[in-house]
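Participant: What follows is a predicted structure for the sequence shown.
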Amino acid sequence: MTQAAPRSATRRFRDDLAAIVGEQAASQARFGIAVSGGPDSLALLLLAHAALGPRIAAATIDHCLRPESADEARYVADVCAERGIAHAIMTPDTPISGNIQASARATRYGLLDRWRTANSLDYILTAHHADDQLETLVMRLNRSSGVAGLAGIRARNGTIVRPLLHWHRDELGDVLAEAELPFVDDPSNRDHRYDRARLRAALADADWLDAKAVAKSAALLGEATEALDWMTAHALETALTPDGDALILAYADQPRALWHRMLVTALDRAEPGITIGEIAFHRLWDAMQRGDKSCIGDLTVTALPGTARSWRIAAAPARQGQLSRPAPLKVDKADRDCS
């Protein structure tokens, strides 16, 4: 007979889920569970099964990066079959290459979203927890991240929901131990070629760090980010105006943090998907202050004649089949690390 998650843990899990998606969704929505076979995701599976019953399905992404991965995916399938949980195994359409962890992450979320849509699921649940949040914040501090980056892993990002961000890794281990359920040991979690693995080892002896307190700080920074986003949207109602195929952005002594977001949002509206990092922002801002014509991505930013604080943002003109890009600036994609 299979063991279920403890009742107290199940109640806590459901309350945490409802706090993110709302009581109605927690009671009625259908959830997909991302399960690798590791201890965290198996604990999530047990908790979700106990709390949500037949409203869940599970999926395992076999990234085909290790010889053992196919057997691990089949193990998860067996765990699900024993509990009557629908389960799917998916593999990448093309081999993962380049930055392995980043590429695997992008592939994983793409496959999960495709599976969610095909199976009429409302949300995908992942097993990120407080210790993951601590690691993420320290990594981002080391990269000079701002408020948005230090908000860490979000409890909800569209249809991706992370209900375990206030749970310790050890608490999830206790759920598995009580169920007497074996789990997959992924050696890449200890591979010091990866930043997160090195950091995890370094934090192992830092028992004075409270991962739950750090997770709370990340949540507060997330609220601050939402407030800045709200202020940005309201400021742009008057500061950003259309000019044919271009946009006119006016500066009115906004605080730097707000102006940064206004500029990034204006660029994104002109070229969806573009964002700029801190260094590129400073270079672009310096050029704008000098009145120089600058280029970022496929856009040009030009000071309007006779004005000191308004700029025209437009697509870079084509020249002999190539885009003209004066003073090119490096474009950094936004840090969306979900780990």
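Facilitator: Ah, there it is.
Participant: Pull out the buried positions in stretch 239-250.
Facilitator: 239-240, 246-250 (16 or more other Cβ atoms under 10 Å). No exception for glycine: its C-beta is placed from N, CA and C like everyone else's.
Participant: Might one say that residue 179 is in contact with residue 39?
Facilitator: No - with contacts counted by Cβ atoms under 8 Å, residue 179 stays clear of residue 39, the gap being 11.0 Å.
Participant: Which residue of these two possesses the greater neighbour count?
Facilitator: residue 39 (21 against 17; other Cβ atoms under 10 Å).
Participant: From what I see, the more buried one and residue 176 are in contact.
Facilitator: Yes - here residue 39 reaches residue 176: they are 5.5 Å apart, a contact under Cβ under 8 Å.
Participant: and residue 180, what is it in contact with?
Facilitator: Contacts for residue 180 (Cβ atoms under 8 Å, 6 or more residues apart in numbering) come out as residue 3.
Participant: for residue 185, same thing?
Facilitator: So residue 185 contacts residue 38 (Cβ under 8 Å, 6+ apart).
Participant: gap between it and residue 105?
Facilitator: Look at residue 185 and residue 105: by Cβ to Cβ, to the nearest Å, they are 20 Å apart.
Participant: ok, back up a step: quickly list what's touching both of residue 39 and residue 176.
Facilitator: By Cβ under 8 Å, 6+ apart, the residues touching both residue 39 and residue 176 are residue 183.
Participant: where are the low-confidence patches of the stretch 151-300 of the chain?
Facilitator: Across the stretch 151-300 of the chain, residues meeting the criterion (pLDDT under 70) sit at 191-192, 275.
Participant: now the end-to-end length of stretch 118-138.
Facilitator: 37 Å (Cα to Cα, to the nearest Å).
Participant: How about it, which residues are buried there?
Facilitator: In stretch 118-138, residues buried by neighbour count (16+ other Cβ under 10 Å) are 121, 123-138.
Participant: Kindly report the same for stretch 274-283.
Facilitator: 274-277, 280-281, 283.
Participant: all helices in the chain, in order from the N-terminus.
Facilitator: 7-21, 23-28, 39-52, 69-82, 100-118, 130-141, 147-150, 169-179, 195-203, 211-239, 256-270, 278-290 (DSSP state H).
Participant: Other residues contacting the third one?
Facilitator: Residues from elsewhere that reach helix 39-52 (Cβ under 8 Å, 6+ apart): 4-5, 7, 9-11, 13-14, 17, 31, 33-35, 56, 58, 76, 79-80, 83, 85, 125-129, 163-164, 169, 172-173, 175-176, 179, 181, 183.
Participant: Can you flag the buried ones in those residues?
Facilitator: 4-5, 9-10, 13-14, 17, 31, 33-35, 56, 58, 76, 79-80, 83, 85, 125-129, 163-164, 169, 172, 175-176, 179, 181, 183.
Participant: Surely residue 6 and residue 172 touch.
Facilitator: No - contact criterion Cβ under 8 Å: residue 6 and residue 172 do not qualify, at 11.8 Å.
Participant: give me the number of residues near residue 227?
Facilitator: Neighbours of residue 227 using other Cβ under 10 Å come to 11.
Participant: now it: how far from residue 300?
Facilitator: For residue 227, the distance to residue 300 - Cβ to Cβ - is 32 Å.
Participant: just residue 105 next, same as before
Facilitator: Taking Cβ to Cβ, one finds residue 105 at 33 Å from residue 300.
Participant: higher neighbour count, those two?
Facilitator: residue 300 (23 against 17).
Participant: who does that one bridge with?
Facilitator: Note on residue 300: beta-bridge partners residue 295, residue 314, judged by DSSP bridges.
Participant: for the one 10 residues further on, same thing?
Facilitator: Here residue 310 sits in beta bridges with residue 250, as judged by DSSP bridges.
Participant: So it is in contact with residue 248, correct?
Facilitator: Yes - counting by Cβ under 8 Å, residue 248 is a contact partner of residue 310 at 6.0 Å.
Participant: picking that back up, from the buried residues of stretch 239-250, which is closest to residue 93?
Facilitator: For those, the residue nearest residue 93 by Cβ to Cβ is residue 247; the value is 36.1 Å.
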